[in-house]
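1. quick one, fold the following:
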Amino acid sequence: MNWINFSCILIQLLKNTIYEKIKTVGDAYMCAGGIPNKNRTNPIEVILAALEIQQYMNNMKINSKDGKKAIWGLRIGIHTGPVIAGVVGTKKISYDIWGDTVNTASRMESSGAVGEINISGMTYMLVKDFFICEYRGRMPVKYKGNIDMYFVKGFLPNMSADLKGLLPNEYFLTSFQMLRYDDLEETILTKMENELPKNLYYHNLKHTIDVITEVEIIGRKEGITEAEMLIIKTAALFHDTGFILSYNDHEEFGVKLARHILPKYKYSEKQIDEVSNLIMHTKHPPQPESLLEMIICDADLDYLGRTDFIPVSGNLYRELKEYGKIKSIDEWNRLQIRFIENHQYFTKTARSMRNVNKNKQLEKLRELI
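-> Numbers count the residues shown, from 1 in each chain. Just a heads-up that it's a prediction; the model follows:
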């Protein structure tokens, strides 16, 4: 929940922001981020809005005629925490929020300074990796004790596109999107848990989590960038979501779901195209060309070289037999032998991690035949 003190005449500045107006109280304007839909990014988003508002006011002062025109000064206070929300009134119905978070945010505003963005220690812990925050002491808050306060001065140097720290750079945008990815991951994994058919013994939630984990492990060792990591983790998250809609051609259906959902999480068209391409490259047989394509192909078939190959393979056999794709265990074992004999890991990392054990599994299968 966030409290921003400025005249309600400034409401036109907020039409494209990401928080919800609650009400005005005198010359104070109260708004909240993260409602009605909870997310991890709202503390950063509200500070972005606060920086933009203060910069707008600074520009008004600079551009005022001869510097003599009276321009308002704004205090902005921000605190983060849980709130109680509800509808109030009978004739004139409105939405309101209550609780300690609201009271603390109000104290952050009243204890701030004109031209500054004053945040609580709680908010600081959530945004300190993105912004320069100047510690300014502690203040007593009823029922809460002493609370640390910070002034937000701008973006961190490694996050800023200008020397003044007022404009974000690409690294900030990627880091911010990675935080938004955490919300996306929670949403998609919950959707898969609830909507995937129960007889997917291999292509289930565990497999998707395994692939997400492996693309990160392999990607880190292969030295991909944070921007590339965002794309490949998103592709791993969606690569089997198509099974919700169809067992056949699930990659195409996964792409459709990604194209429908990702714009809601601020992915660009270029990013969505890249994610879609990686999803399609998990189609068998794997034929990757770029490093990211190689990484996701290796992660998708990571189990071939793991110590739990036998039980995982058994789950895949059970699934394929139930869907009419295989008839007998003997047929399955022969199919696996041919597949592993022709399979290769594409990245140096996967080869070093999995090749030895993959060859051992191949020998065991040959003994069965």
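2. could you pull out the helices in the stretch 101-250 of the chain for me?
-> Assigned helices in the stretch 101-250 of the chain, in chain order: 121-127, 170-195, 205-222, 226-238, 250-261 (criterion: DSSP state H, counting those that start in this stretch).
3. export those helices to JSON lines and tack on mean pLDDT and mean neighbour count?
-> Heads up, the C-betas are built off the backbone N, CA and C, glycines and all. Below are the helices of the stretch 101-250 of the chain laid out as JSON lines (pLDDT from 0 to 100; neighbours: other C-beta atoms under 10 Å):
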{"stretch": "helix 121-127", "mean pLDDT": "96", "mean neighbour count": "18"}
{"stretch": "helix 170-195", "mean pLDDT": "97", "mean neighbour count": "16"}
{"stretch": "helix 205-222", "mean pLDDT": "98", "mean neighbour count": "19"}
{"stretch": "helix 226-238", "mean pLDDT": "98", "mean neighbour count": "23"}
{"stretch": "helix 250-261", "mean pLDDT": "98", "mean neighbour count": "18"}
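4. now render these as TSV, adding distance to residue 276.
-> Below are the helices of the stretch 101-250 of the chain laid out as TSV (distance: least, C-beta to C-beta, whole Å):
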stretch	distance to residue 276
helix 121-127	32
helix 170-195	15
helix 205-222	16
helix 226-238	8
helix 250-261	5
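5. could you chop this protein up by domain?
-> 2-168, 172-368 (automatic domain parsing).
6. least confident of those domains, on average?
-> Least confidently modelled of these is domain 2-168, at a mean of 81 by mean pLDDT.
7. with respect to residue 107, which of the helices of the stretch 101-250 of the chain lies nearest?
-> helix 121-127 (12.4 Å; C-beta to C-beta).
8. please report how far residue 96 lies from residue 364.
-> 66 Å (C-beta to C-beta, to the nearest Å).
9. show me which of these two is the more surrounded one.
-> Legend: neighbour count by other C-beta atoms under 10 Å for residue 96 and residue 364, higher for residue 96 (15 against 11).
10. what ranges do the helices span in the stretch 251-369 of the chain?
-> Going by DSSP H, counting those that start in this stretch, the stretch 251-369 of the chain shows helices at 269-280, 291-300, 309-322, 329-342, 348-368.
11. can you say which of those is nearest to residue 53?
-> The nearest among the helices of the stretch 251-369 of the chain, by C-beta to C-beta, is helix 269-280 at 28.4 Å.
12. residues contacting residue 332?
-> By C-beta atoms under 8 Å, 6 or more residues apart in numbering, the residues touching residue 332 are 317, 320, 321, 326.
13. of the residues you listed - the most surrounded one?
-> residue 317 (21 neighbours).
14. quick check: closest non-adjacent residue to that residue.
-> residue 332 (4.7 Å; C-beta to C-beta, 6 or more residues apart in numbering).
15. any idea how many residues pack against the closest residue to residue 131 other than its chain neighbours?
-> Distance criterion C-beta to C-beta, 6+ apart; nearest residue to residue 131, sequence neighbours excluded, is residue 152 at 5.2 Å. Per other C-beta under 10 Å, the neighbour tally for residue 152 reads 24.
16. quick one: residue 152 from residue 256, how far?
-> According to C-beta to C-beta, residue 152 stands 41 Å off from residue 256.
17. OK, contacts around the spatially most central residue of the chain?
-> Closest to where the C-alpha atoms of the chain average out (C-alpha atoms, centre = their mean) is residue 181, at 1.5 Å. For residue 181, the contacting residues are 230, 233, 234, 265, by C-beta under 8 Å, 6+ apart.
18. what bridges to the residue nearest to residue 131?
-> residue 133 (DSSP bridges).
19. mind listing what it touches?
-> Residue 152 sits next to 47, 50, 51, 116, 117, 119, 127, 131, 132, 133, 134 when contact means C-beta under 8 Å, 6+ apart.
20. out of these, who's the most crowded?
-> Most surrounded of these: other C-beta under 10 Å gives residue 119, at 33 neighbours.
21. you'd agree it is up against residue 133?
-> Yes - using C-beta atoms under 8 Å, residue 119 makes contact with residue 133 at a distance of 7.1 Å.
22. quickly list what's touching both of the two.
-> 127, 150, 151, 152.
23. just send these back as CSV, with distance to residue 171 too.
-> Output for those, formatted as CSV (distance: C-beta to C-beta, whole Å):
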residue, distance to residue 171
127, 16
150, 22
151, 23
152, 18
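24. closest to residue 351 among those residues?
-> residue 127 (41.0 Å).
25. the closest one touches residue 47, doesn't it?
-> Yes - counting by C-beta under 8 Å, residue 127 touches residue 47, with 5.8 Å between them.
26. between those two, what contacts are shared?
-> Contacts common to residue 127 and residue 47, judged by C-beta under 8 Å, 6+ apart, are 119, 152.
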